[in-house]
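Novice: Predicted model and sequence follow; I will ask about them next.
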Amino acid sequence: NKGQKRLYIPRPHMRGEKSSTWKGGRFKSPDGYIYIYIGKDDFFSPMATSSRHRWGGYILEHRLVIAKYLKKCLDKTELVHHKDGDRQNNIISNLVLSSKKKHPQGYSLGYKQGFADAEKLYGGKNDLS
């Protein structure tokens with residue numbers, strides 16, 4: 001019936017774990033990286049992609065693993081690499097921290113042969129040591 005009015009009942013927008021579409025706060029991006037949901041009150045929320053929003057945001061899992069290991073937030077100039085080239089292998093022993101200043105552009109070429117070869121080619125060292 002076109003003339004009949006519907007009663008509008010406002011519903012609160014459920015976010016995060018309260019949402020019916022919640023899938024655990026973890027997803028794999030099309031380029032193979034794993035993202036983790038970080039709440040607004042989390043210590044590492046400044047690193048999240050949407051940290052300006054009141055409900056939190058997502059962070060790359062490998063950056064979160066290194067940040068937790070160092071017990072500090074990483075800034076945008078700090079880069080994290082996967083030694084074996086597997087973007088889903090985010091254990092601390094497989095991750096290397098570098099800075100943009102120390103990160104030669106040649107690393108991207110090295111990924112074709114694996115991170116170990118890039119380290120040999122360009123003399124990259126882990127900034128954690």
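Specialist: Looks like it arrived, so ask away.
Novice: Point out where the chain drops to low pLDDT.
Specialist: Filtered on pLDDT under 70, the chain yields the residue ranges 1-3, 9-16, 20-22, 50-56, 102-129.
Novice: all strands of it, in order?
Specialist: Assigned by DSSP state E, the strands in the chain fall at 26-28, 34-38, 57-60, 78-82, 95-99.
Novice: mind putting those in TSV, distance to Lys5 included?
Specialist: All C-beta spots, glycine's among them, are computed from the backbone N, C-alpha and C. Compiled in TSV, those are given as follows (distance: least, CB to CB, whole Å):
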stretch	distance to Lys5
strand 26-28	40
strand 34-38	39
strand 57-60	39
strand 78-82	56
strand 95-99	59
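Novice: Show me the one of those strands that comes nearest Lys18.
Specialist: Nearest of these to Lys18, taken as CB to CB: strand 34-38 at 12.7 Å.
Novice: Report all helices and strands that the closest one contacts.
Specialist: On a contact count with 3 or more CB pairs under 8 Å, 6 or more residues apart in numbering; DSSP states H and E, strand 34-38 meets strand 26-28, strand 57-60, helix 61-70.
Novice: Deepest-packed of these, please.
Specialist: strand 57-60 (a mean of 21; mean count of other CB atoms under 10 Å).
Novice: Direction included, what does that strand pair up with?
Specialist: Here strand 57-60 is paired, per DSSP bridges, with strand 34-38 (antiparallel).
Novice: Dump the C-alpha coordinates for the strand it pairs with into CSV.
Specialist: Written as CSV, here are the backbone C-alpha positions of strand 34-38 (Å, rounded to 0.1, in the frame of the first residue of the first chain):
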residue,chain,number,x,y,z
ILE,A,34,46.6,-9.9,7.4
TYR,A,35,44.8,-7.1,9.2
ILE,A,36,43.8,-7.1,12.8
TYR,A,37,41.1,-5.0,14.4
ILE,A,38,42.4,-2.7,17.2
